[in-house]
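Novice: one predicted model, sequence on top.
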Amino acid sequence: MTPSGIRKFEAGKVAFSPYGDGPGAASISRLVGPGDSTTMGAYLARFDGRSVAWTVRYDELIAGISGKFRLKSDGEVHELGPGDVLWIPEGTELEYQGDDAMVFISIAPVDWRARQAANLEIGGEPA
């Protein structure tokens, strides 16, 4: 990190961790998390033949970098190629998929887990 707080994440130098289960492959690199920012999170993700089901607990932007990425939700399939961008609102049930795809993901709020836990502690419903 530079004195200004700016960080560069160099292609080929970020670590990826396996993501999801089942056939095919998927991995994620968590770039910016709650320890880095109070407002947003950022990730790189790869999908190649694996489908990962999830309900987003935050607003999310996904930008295609390479390959063909697909997001399935509510009976619709949204395809992304390089340079295409999707916005997904909080509460959306979906499946991430792709063929040799890499995407950039940004979420807000980044501290959604802490917010959800705090809400449950005061007797609220899961976010």
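Specialist: That came through, no problem. Just so it is clear, the structure is predicted and the values come from calculations on it, not from any experiment.

Novice: mind listing what's buried along the helix or strand of the chain with the lowest mean pLDDT?
Specialist: Here the helix or strand of the chain ranked lowest by mean pLDDT, DSSP states H and E is helix 112-121, holding a mean of 74. Across helix 112-121, burial judged by 16 or more other CB atoms under 10 Å covers 112, 116. C-beta coordinates here come from the backbone N, C-alpha and C atoms, glycine included.

Novice: export it to PDB, keeping only CA atoms.
Specialist: Below are the C-alpha coordinates for helix 112-121, written out as PDB (Å, rounded to 0.1, in the frame of the first residue of the first chain):
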ATOM      1  CA  TRP A 112     -23.100  -7.100   5.500                       C
ATOM      2  CA  ARG A 113     -22.300 -10.100   7.700                       C
ATOM      3  CA  ALA A 114     -21.800  -7.900  10.800                       C
ATOM      4  CA  ARG A 115     -24.900  -6.000  10.000                       C
ATOM      5  CA  GLN A 116     -26.900  -9.200   9.600                       C
ATOM      6  CA  ALA A 117     -25.500 -10.600  12.900                       C
ATOM      7  CA  ALA A 118     -26.400  -7.300  14.700                       C
ATOM      8  CA  ASN A 119     -29.900  -7.400  13.300                       C
ATOM      9  CA  LEU A 120     -30.400 -10.900  14.600                       C
ATOM     10  CA  GLU A 121     -29.100  -9.900  18.000                       C
END
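
Novice: center of this structure, which residue is that?
Specialist: Nearest residue to the geometric centre of the chain (CA atoms, centre = their mean): Ile105, 4.4 Å.

Novice: am I right that it is in contact with Asp59?
Specialist: No. Applying CB atoms under 8 Å as the test, Ile105 and Asp59 come out as separate, 11.3 Å apart.

Novice: so where's this protein uncertain?
Specialist: 1-2, 119-127 (pLDDT under 70).

Novice: all strands of it, in order?
Specialist: Assigned by DSSP state E, the chain shows strands spanning 17-18, 25-32, 41-48, 52-55, 59-73, 76-80, 85-88, 93-108.
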